[in-house]
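Novice: everything below, folded, please.
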Amino acid sequence: MEEIRINRLPLLTYRYLHTNDTPVSFEAPKKGGEPHFSNLTYVKEGGTLPADFKGASEETVKALKQGSHYTITIPAETKAELTITLSGEGQADFAGSFLFHLGKESSLNLVWILQGKTEKGTCVAGAYYDLAENANLKVSRLESGLSGVEIFDQRHAVLAKGARADFSAAELGGENIYVHSYGLLAGDHSAMTEKAVYAGTKKQHLDFFYHIDHVGKETHAEIDVKGALDDDSKKIFRGTLNFKKGCSGSAGDEGDYAIQLSPKTKNISLPLLLCTEDDVQGNHASSAGQLDANTIYFLMSRGFSLEEARRIVIEALIRPIIDGMDPSVRDEIITELRQKLDSKELQ
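Specialist: Model prediction:
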């Protein structure tokens, strides 16, 4: 077990704030589970992560390289669907990387499912997405259960001209969840979205890092993270939109929204806008706080119970993101969310 530092900000702030990165006691998985692929048509074993894959830290990338490797290639002008499932019972450890190559004008609807009843383990996963011209990628990710597992979700996406990548995630389980996402909008008119919902309870720690570089002209990026924290849970959001010189006509939006259901929760939000180009538009927003008592009173006066009123407010915040995810996981996300947040008293 060693202490490492992950999800370091690209532009550091004051050290006394202790928010530039996250210290983690890390031990690489000693054994690896095997992922299940719904379709092996485009999947083969093997592959090497490109040198530009940085991940959350050097140590987590090293753990990836020591695990299993898979390459998924979608030929040009091909439409494909794929579900990858990582499940664990007892002790679940996993380390591995997935390389996705999407050919010109191809499309992939990808669903990730991480779930299980295990109460111990470490999951270190990495995905590299290489999108050719006008390729389209939609990713829906559901993580549930795994109450004692540390999860390191690392991804890197490179988009050529006219390519689009939409990532949506429901982070509803795990003991500690670390997300590290990097996107490079290399081609003109490329676009990338990063959306996530979460429900933190007990002593859960959620650590979200998103960084999107605008390089091509008239590119678009969006980061949207919404959820609720209860008990002693903690969440930190680090989101960066970086407008590079030459990306004229580009636009980006980022927002982080948290409902704190207990005064013991902790929420830290660090949205950053970096810019070396004049002709761009960037927006960022952050909001955190407890439920509005007047809203809850209004709903209860219309016949809803306290539990129902609270659920309505939370679901109203996050439901648009869930509705944009793959239909195969929507109902499960809502069920898992309600199970986590039901039977809680309004603080």
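
Novice: which residue lies farthest from the center of this protein?
Specialist: Ser301 (37.0 Å; C-alpha atoms, centre = their mean).

Novice: find me the pLDDT at that residue, would you?
Specialist: You'll see Ser301 listed with a pLDDT of 94.

Novice: gap between it and Ala309?
Specialist: Ser301 is 10 Å from Ala309, where distance means C-beta to C-beta, to the nearest Å. (Glycine included, C-beta is placed from N, CA and C.)

Novice: Val313 versus the residue farthest from the centre of the chain, what's the distance?
Specialist: 14 Å.

Novice: before we move on, the earlier item: separation between the residue farthest from the centre of the chain and Lys245?
Specialist: On the measure of C-beta to C-beta, Ser301 and Lys245 end up 56 Å apart.

Novice: got it, and Asp279?
Specialist: 11 Å.

Novice: check Gly252 too.
Specialist: Gly252 is 15 Å from Lys245, by C-beta to C-beta.

Novice: ok, those two, which is more surrounded?
Specialist: The neighbour comparison of Gly252 against Lys245 (other C-beta atoms under 10 Å) goes to Gly252, with 26 against 10.

Novice: so that one, which state does it fall into?
Specialist: strand (DSSP: H, G, I helix; E, B strand; the rest coil).

Novice: who touches it in this structure?
Specialist: Neighbour list for Gly252: 212, 214, 220-223, 241, 243, 273, 280-283 [criterion: C-beta atoms under 8 Å, 6 or more residues apart in numbering].

Novice: need the residues that contact whichever helix or strand Val139 is part of.
Specialist: For Val139, the host element (DSSP states H and E) is strand 136-143. Taking contacts as C-beta under 8 Å, 6+ apart, the residues outside strand 136-143 that touch it are 100, 102, 106-115, 129, 131, 151, 153, 157, 163-174, 177, 325-326, 328-329, 332-333, 336.

Novice: mind doing that once more with 6 Å?
Specialist: Strand 136-143 has contacts (C-beta atoms under 6 Å, 6 or more residues apart in numbering) with 107-114, 131, 164-171, 173, 325-326, 329.

Novice: poorly predicted segments of the stretch 1-150 of the chain, please.
Specialist: For the stretch 1-150 of the chain, applying pLDDT under 70 flags the ranges 31-32, 88-91.

Novice: same thing but at 90, please
Specialist: 1, 29-34, 87-93, 115-121, 145-148 (pLDDT under 90).

Novice: which ones among the contacts of strand 136-143 lie within strands?
Specialist: The members of these that map onto strands under DSSP state E are 107-114, 131, 164-171.

Novice: from those residues, which would you call buried?
Specialist: The neighbour count (16 or more other C-beta atoms under 10 Å) marks 107-114, 131, 164-171 as buried among the ones in strands among the contacts of strand 136-143.

Novice: how long is stretch 66-79 end to end?
Specialist: Distance between the two ends of stretch 66-79: 32 Å, counting by C-alpha to C-alpha, to the nearest Å.

Novice: show me which residues of that stretch are buried.
Specialist: In terms of neighbour count (16+ other C-beta under 10 Å), stretch 66-79 has its buried residues at Gly67, Ser68, His69, Tyr70, Thr71, Ile72, Thr73, Ile74, Thr78.

Novice: how about a markdown table for those residues, with distance to Val197 added?
Specialist: Below are the buried residues of stretch 66-79 laid out as a markdown table (distance: C-beta to C-beta, whole Å):
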| residue | distance to Val197 |
| --- | --- |
| Gly67 | 28 |
| Ser68 | 29 |
| His69 | 30 |
| Tyr70 | 27 |
| Thr71 | 30 |
| Ile72 | 26 |
| Thr73 | 31 |
| Ile74 | 27 |
| Thr78 | 30 |
